[in-house]
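# What follows is a predicted protein model with its sequence.
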Amino acid sequence: MIEASNKSAQDALNAKVQAASTKLDSVLTGMTGEDAKVAADFKVVWDQFNATRDNEIIPAIYKGDATDTKRIAAGVQADRLSKMWVIMSCKTR
């Protein structure tokens, strides 16, 4: 979305992001047994990631503030993404 040149393109990409998030939320909710614990751990970080994306990053993109967007994405969001990878990596070992 950061590189999208106009609002229409940003809107289309935002719709894809929201749809993918909804799909992942559904998958996490459907996990049972041992997977449910991993999903719960993941979801804590995932919810923080989504809140920052929806309340800070996407509004900054629509304002045309690429500097703030990139700062947030490279900072706290990158940390959260790393945590989510670790949680899921532990599950796949």
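Noted; the coordinates are in hand.

# Going by residue numbers, what spans are helices in the protein?
7-30, 34-52, 58-63, 66-72, 78-92 (DSSP state H).

# Make JSON lines out of these and add distance to M1, mean neighbour count and mean pLDDT.
Every residue, glycine included, has its C-beta placed from N, CA and C. Supplementary listing: the helices of the chain in JSON lines, determined by distance: least, C-beta to C-beta, whole Å; neighbours: other C-beta atoms under 10 Å; pLDDT from 0 to 100:
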{"stretch": "helix 7-30", "distance to M1": "5", "mean neighbour count": "12", "mean pLDDT": "96"}
{"stretch": "helix 34-52", "distance to M1": "14", "mean neighbour count": "15", "mean pLDDT": "95"}
{"stretch": "helix 58-63", "distance to M1": "5", "mean neighbour count": "16", "mean pLDDT": "95"}
{"stretch": "helix 66-72", "distance to M1": "8", "mean neighbour count": "14", "mean pLDDT": "93"}
{"stretch": "helix 78-92", "distance to M1": "16", "mean neighbour count": "13", "mean pLDDT": "87"}
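
# ok now do R80, which residues does it touch?
Neighbouring residues of R80 by C-beta atoms under 8 Å, 6 or more residues apart in numbering: 45, 48-49, 52.

# With I2 instead?
Per C-beta under 8 Å, 6+ apart, neighbours of I2: 61, 66, 69-70, 73.

# Please repeat the previous calculation with a cut-off of 7 Å.
By C-beta atoms under 7 Å, 6 or more residues apart in numbering, the contact list for I2 reads 61, 66, 69-70.

# Please apply the same query to T69.
T69 touches 2, 57, 60-61, counting by C-beta under 7 Å, 6+ apart.

# Closest to S21 out of those residues?
Taking C-beta to C-beta as the measure, S21 lies nearest I57 of the contacts of T69, at 12.8 Å.

# what about the closest one, neighbour count?
As a burial measure, I57 scores 22 neighbours (other C-beta atoms under 10 Å).

# With that, I have no additional questions.
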